[in-house]
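**Q** mind looking at a prediction? Sequence and model below.
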Amino acid sequence: MNTNKNSPQNRAGIANKNQVKRVLKTAAYDLGLALLLLFGCWAWAQTAPVLTVTPTGTNQLSITVTNAVTGTGSYEVWTTPVLGDVVDYPWTGAAMGTNGQTNFIVNTPTYPAGFYRAIWDTNAIPLWEAADPHNPSAGILNVWIDSPANGSTLN
């Protein structure tokens, strides 16, 4: 019987054991990654709000937010006919909700197609009145004119 550590049979046995260990480690890593992705997708699917837009049969659309965020705040529905062109086609307010409201009825836009989004607002100031729509703590926009420019009068 050959008991030499450097014999071809012994080296082959060690190589096979190392290969089995690598395969098991890779399989365990792949299984862990798959479970993490599966759980992440499941958690996201359970909590992500979804916007459903359906025609009512008249000149109005019914917009519903499912999986809505709960708590103190309200949704605002905004619309635009074209994505990516905020200069010519800015997002405009279509409906401002109250605390907990998730169903909206809006008039059909003048454009044959369009896009809608719902924004969760937590400070009770509509975004169109906000001093900074991206900063909820900025508060309401106020404009004061101390005196007319060049001696003109304001009516």
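**A** That came through fine.

**Q** how close does Glu76 sit to Trp120?
**A** 8 Å (Cβ to Cβ, to the nearest Å). For every residue, glycine as well, the C-beta is placed using N, CA and C.

**Q** between those two, which one's more packed in?
**A** Glu76 (20 against 15; other Cβ atoms under 10 Å).

**Q** what's the pLDDT at that one?
**A** Note for Glu76: predicted pLDDT of 87.

**Q** for the host helix or strand of it, packing partners?
**A** Using DSSP states H and E, Glu76 sits within strand 74-80. Under the contact criterion of 3 or more Cβ pairs under 8 Å, 6 or more residues apart in numbering; DSSP states H and E, strand 74-80 touches strand 92-96, strand 103-107, strand 115-121.

**Q** looking at those strands, which is closest to Val53?
**A** Nearest to Val53, of all the helices and strands packed on strand 74-80, is strand 115-121, at 5.6 Å by Cβ to Cβ.

**Q** related to what we said a few turns ago, can you list the helices and strands packed on strand 74-80 in CSV and add mean pLDDT and distance to Thr56?
**A** Below are the helices and strands packed on strand 74-80 laid out as CSV (pLDDT from 0 to 100; distance: least, Cβ to Cβ, whole Å):
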stretch, mean pLDDT, distance to Thr56
strand 92-96, 87, 14
strand 103-107, 91, 7
strand 115-121, 86, 14
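
**Q** shouldn't Tyr75 be in contact with Trp120?
**A** Yes: the pair Tyr75 / Trp120 is scored as a contact, 6.1 Å apart, by Cβ atoms under 8 Å.
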